[in-house]
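Q: Fold the following for me, if possible:
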Amino acid sequence: MAQAKHGDTVKVHYAGKLKDGTVFDTSVDHDPLQFTIGEGQIISGFEQAVVGMNPGESKTIKVPTDEAYGPHREEMVLVVDRNQLPVDLIPEVGQQLQSSQPDGQTIVVTVTDVSESDVKLDANHPLAGKDLIFDIQLVEII
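A: Numbering: from 1, shown residues only. So this is what the prediction gives:
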């Protein structure tokens, strides 16, 4: 039976969880995730875990922060004056906003605190600084 290797396009079912058991993403009840191993389309720890698996095989892996979304970086958290936000925007904690950068790139930021005068925005990935646990099943090698 063929094992998954670099360069293979694979389909997997997965459930991503935090240490406390909270599920943050899953393909259960959806189509399996398809990606090509080695192209960097998904986090490296997940991708490397699929290498060597046979179709139908399942495993549970822990992906440390540095192989997932990296550490939470304080320099990516900023406080802006509410006057800098669109007049019709009523910011709420947990809300995600898009911010245009001087180079034309758009990034997603999350509102983490709101006061009368300021809004704290976090540009870190929501899973930055977290170790992740994945239940993975290799469905097929295409």
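
Q: Who are the packing partners of whichever strand or helix holds F46?
A: Using DSSP states H and E, F46 sits in helix 44-50. Contact here means 3 or more Cβ pairs under 8 Å, 6 or more residues apart in numbering; DSSP states H and E; on that basis helix 44-50 packs against strand 9-17, strand 58-63, strand 132-141. Quick note: C-beta positions are derived from backbone N, CA and C, even for glycine.

Q: average pLDDT for the first one?
A: Going back to what we said before, that points to strand 9-17. In this model, strand 9-17 carries a mean pLDDT of 98.

Q: Spell out which strands sit alongside it in the sheet and which way each one runs.
A: Using DSSP bridges, strand 9-17 pairs in its sheet with strand 23-26 (antiparallel), strand 33-36 (antiparallel), strand 132-141 (antiparallel).

Q: Export those to JSON lines and append columns for mean neighbour count.
A: Output for those, formatted as JSON lines (neighbours: other Cβ atoms under 10 Å):
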{"stretch": "strand 23-26", "mean neighbour count": "13"}
{"stretch": "strand 33-36", "mean neighbour count": "16"}
{"stretch": "strand 132-141", "mean neighbour count": "19"}
